[in-house]
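> Quick one: sequence plus predicted model below, questions after.
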There are 2 protein chains.
Amino acid sequence: MTTRPVAKADRAKPSGAQRRTRQRAAVADILSDQHDFRTAQQIHDDLRHHGERIGLTTVYRTLQLMTDAGELDAIRTNEGETAYRRCSTGHHHHHLVCRICGRTVEVSGPAVERWANAVAEEYGFREISHDLEIFGTCDTC
Amino acid sequence: MTTRPVAKADRAKPSGAQRRTRQRAAVADILSDQHDFRTAQQIHDDLRHHGERIGLTTVYRTLQLMTDAGELDAIRTNEGETAYRRCSTGHHHHHLVCRICGRTVEVSGPAVERWANAVAEEYGFREISHDLEIFGTCDTC
DNA sequence: ATCGTTGCAAATGTTTTGCATGTCA
DNA sequence: TGACATGCAAAACATTTGCAACGAT
C-alpha cells in the first residue's frame, strides 16, 4: 500500500492514437449529463437501461483511460468502490457532497490552498497537493 | 454506493462486554508503536514477524472494532485498501502525509474548519463534516 | 459452564487480465 | 489490412461470513 493522491496521468500513452467507438462515446455522454460521482457498475447499469450494448470490462477500461487523461475525478468510497465524475473545470477544486442524495457542488477556496501550503512548509514538506471533501446534508434533503 | 464519511460508531455494541485477548492486545500494541497508516494485511504480517500467532480474520475484526470505538482513524487508499492509524488526539484533525516514506504529521487548522462551514452554509448544507489530506515530500526524502 | 473470540475455509464484491473476436482508420 | 477495442470468462484481491473449536470470566 502506498498513500498518495489518485494518479491522474501515470502511465504514458503507448504510441498509437485512441479510437472513437460507440462505447466510449456512450460513457462520455452519460458523464456529461450527470454531475454526481458514479461507480463503474452504476454507469454500466445506466447505459444498459438506456439500451446501450456495452460490457462492464469496457466501462472499467474507459473510465481508467479518461481518468488518466485528466478528464475525470476519481475517488474511493467508504464501501470500497471507485467513483468517477466529470471534471468540469480543468483547475484545482474541491467537492461539497450531500450525504443523502449525493448532490455535488464544486467549490474552491484560496484560503484552504494557502493554509495547506503554509502548514506543509512549516513541517518541511515540498511538492504539496491535497484532497478535501466536505460532506453534509443539502437543503432539499 | 453511498458517499459519506467513514463510519466511526455505526453498529451498537450488542450487550455483553468485550474480552481482553492476546490477539487484541497485540494489535493494539503494534498500533501504539507505529504512527503511520497501516493496512490490515500489513499489521497481520508485522505481528507474524514478531512471532505472534493470529489470523488475518481476527486482525480485520479487531481493527473494525477499534475503529467503531473511535480508537482508530480509517482511510481508503487509492489502491483500494483500508488503512488504519491510532488516533492520538480524540478531537478533529487532518493529516500531512509524505508521498515517499509515508511519514505522517497530525495538523489542525481553524481556518479550514471555518472555511468549510462557511462554504457549506452558503450552499444550504447542514451537519457538515469534512476530510482533508495534504500530501507532499518530507524534508528527509 | 457460559458466551464472546478465534481462525479456517468458503463466500462476496470489486476490479483486472487473458485471449479470441470485432471494428475503426 | 492492421492495430486497437471489446467482452466473456477466469483470475486477482481485499474483506466478510459460516461455523466448529477455544478461551476468558
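Thanks, I have the structure now.

> rest of the way, CA atoms for contacts and neighbours
OK.

> contacting residues around residue A:56?
Counting by Cα atoms under 8 Å, 6 or more residues apart in numbering or on different chains, residue A:56 touches A:40-41, A:44.

> DNA strand C versus that one, what's the distance?
7 Å (Cα to the nearest atom of the strand, to the nearest Å).

> Residue A:36 now?
For residue A:36 relative to DNA strand C (Cα to the nearest atom of the strand), the value is 15 Å.

> Please, where are all the strands along chain A?
Assigned by DSSP state E, the strands in chain A fall at A:38-39, A:72-76, A:82-86, A:94-98, A:104-107, A:126-137.

> Which strands or helices does the longest one pack on?
Pointing back at strand A:126-137 there. Judged by 3 or more Cα pairs under 8 Å, 6 or more residues apart in numbering or on different chains; DSSP states H and E, the packing partners of strand A:126-137 are strand A:94-98, helix A:110-122, helix B:110-122, strand B:126-137.

> how does it look with 6 Å?
strand A:94-98, strand B:126-137 (3 or more Cα pairs under 6 Å, 6 or more residues apart in numbering or on different chains; DSSP states H and E).

> Likewise for the first one?
Contact partners of strand A:38-39 among helices and strands, from 3+ Cα pairs under 6 Å, 6+ apart: strand A:82-86.

> Partner strands of the strand it packs on, with direction?
Using DSSP bridges, the strands paired with strand A:82-86 are strand A:38-39 (antiparallel), strand A:72-76 (antiparallel).

> how about it, does it reach DNA strand C?
Yes - applying Cα under 7 Å from any atom of the strand, one finds strand A:82-86 touching DNA strand C at A:82-83.

> Residue nearest the middle of chain A, spatially speaking?
In chain A, the residue lying closest to the centroid (Cα atoms, centre = their mean) is residue A:73, at 1.9 Å.

> what about residue A:97, distance to DNA strand D?
For residue A:97 relative to DNA strand D (Cα to the nearest atom of the strand), the value is 23 Å.

> does the residue nearest to the centre of chain A have beta-bridge partners, and which?
Here residue A:73, judged by DSSP bridges, has bridge partners residue A:85.

> I'd like the distance from it to residue A:38, if you could.
11 Å (Cα to Cα, to the nearest Å).

> what sits in contact with each of those two?
residue A:84 (Cα atoms under 6 Å, 6 or more residues apart in numbering or on different chains).

> re the thing from before, would you mind saying which of the strands of chain A lies nearest residue A:29?
Residue A:29 lies closest, by Cα to Cα, to one member of the strands of chain A: strand A:82-86, at 10.3 Å.

> Pull the distance from that closest one to the chain's centre.
Chain-centre distance of strand A:82-86: 4 Å, with Cα atoms, centre = their mean, to the nearest Å.

> hang on, residue A:96 packs against residue A:105?
Yes - using Cα atoms under 6 Å, residue A:96 is in contact with residue A:105, at 5.0 Å.

> Who has more neighbours out of the two?
residue A:96 (27 against 16; other Cα atoms under 10 Å in any protein chain shown).

> My read is that the residue nearest to the centre of chain A contacts residue A:85, right?
Yes - assessed by Cα under 6 Å, residue A:73 is found in contact with residue A:85 at 5.3 Å.

> what touches both of these two?
Taking Cα under 6 Å, 6+ apart as the criterion, residue A:73 and residue A:85 do not both touch any residue.

> Chain A against DNA strand D: which residues are in contact?
Checking chain A against DNA strand D by Cα under 7 Å from any atom of the strand, the hits are A:15-19, A:21-24, A:53-59, A:61-62.

> quick one on the thing from earlier: can you list the strands of chain A in JSON lines and add mean pLDDT?
Listed next are the strands of chain A as JSON lines, based on pLDDT from 0 to 100:
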{"stretch": "strand A:38-39", "mean pLDDT": "93"}
{"stretch": "strand A:72-76", "mean pLDDT": "82"}
{"stretch": "strand A:82-86", "mean pLDDT": "88"}
{"stretch": "strand A:94-98", "mean pLDDT": "74"}
{"stretch": "strand A:104-107", "mean pLDDT": "74"}
{"stretch": "strand A:126-137", "mean pLDDT": "73"}
